[in-house]
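> missing the sequence, but the structure's below:
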């Protein structure tokens, strides 16, 4: 049984790397889904009550109680079937100082804060379900992107 588990784990971790690019899909207990575009092999860890996923310098932290499931899938080139009426949120790093978040609803609250919890002076431009977050005016450091107080993404700005 242990060998089967190790084989399955190895297959799951090697498939995204073989495809070059993959996406991390996180489905939350409230029914919402967020998709992260990954260009590097991710590392998944459980730290205390959190699920922490790191890919290169990008890191996403989720409370384990808020995540119903997560999985990796290769980036597709075709048109896929939508699984539910809830739009997927996609987070990607468009440039070193620019984060693009799609699938944003009108009422979604977006904030960039410092690790001390103070609001950072990031520029957030919203239009048609997409938010472009510019970190260009911020000093080097660690920041946290908060989406509706339920999703947090740790950002390392060099």
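Noted; the coordinates are in hand. For clarity, every value in this text was computed on a predicted model and none was experimentally measured.

> the helices in this protein, which residues?
2-19 (DSSP state H).

> quick one: low-confidence parts of it?
For the chain, applying pLDDT under 70 flags the ranges 1-21, 76-87.

> quick one: the strands in the protein?
Applying DSSP state E to the chain gives strands spanning 22-28, 33-38, 43-47, 50-55, 58-63, 67-74, 88-95, 98-102, 110-114, 123-127, 130-134, 141-147, 151-157.

> just checking, what packs against the second one?
Here strand 33-38 is seen to pack against strand 22-28, strand 50-55, strand 88-95 when contacts are counted using 3 or more C-beta pairs under 8 Å, 6 or more residues apart in numbering; DSSP states H and E. (C-beta placed from N, C-alpha, C; glycine too.)

> do that again at 7 Å, thanks
In terms of contacts (3 or more C-beta pairs under 7 Å, 6 or more residues apart in numbering; DSSP states H and E), strand 33-38 is packed against strand 22-28, strand 88-95.

> may I have the strands that pair with that strand, each with its orientation?
strand 22-28 (antiparallel), strand 88-95 (parallel) (DSSP bridges).

> hmm, who's touching the last one?
Identification of contacts with strand 88-95 by C-beta atoms under 7 Å, 6 or more residues apart in numbering yields 33-37, 58, 99-104, 153.

> angle of that strand against strand 130-134?
Calculated by axes from the mean of the first three to the mean of the last three C-alpha atoms, to 10 degrees, strand 88-95 forms an angle of 30 degrees with strand 130-134.

> show me how far strand 88-95 is from its chain's centre.
8 Å (C-alpha atoms, centre = their mean, to the nearest Å).

> do the same with the first one
Mean C-alpha position of strand 22-28 versus that of the full chain (C-alpha atoms, centre = their mean) differs by 7 Å.

> related to what we said a few turns ago, need the winner for burial among the helices and strands packed on strand 33-38.
strand 22-28 (a mean of 19; mean count of other C-beta atoms under 10 Å).

> for residue 151, which non-adjacent residue is spatially closest?
Distances taken as C-beta to C-beta, 6 or more residues apart in numbering place residue 34 nearest to residue 151, at 5.9 Å, with adjacent residues excluded.

> ok, how many other residues are close to the one you found?
22 (other C-beta atoms under 10 Å).

> same thing with residue 132?
16.
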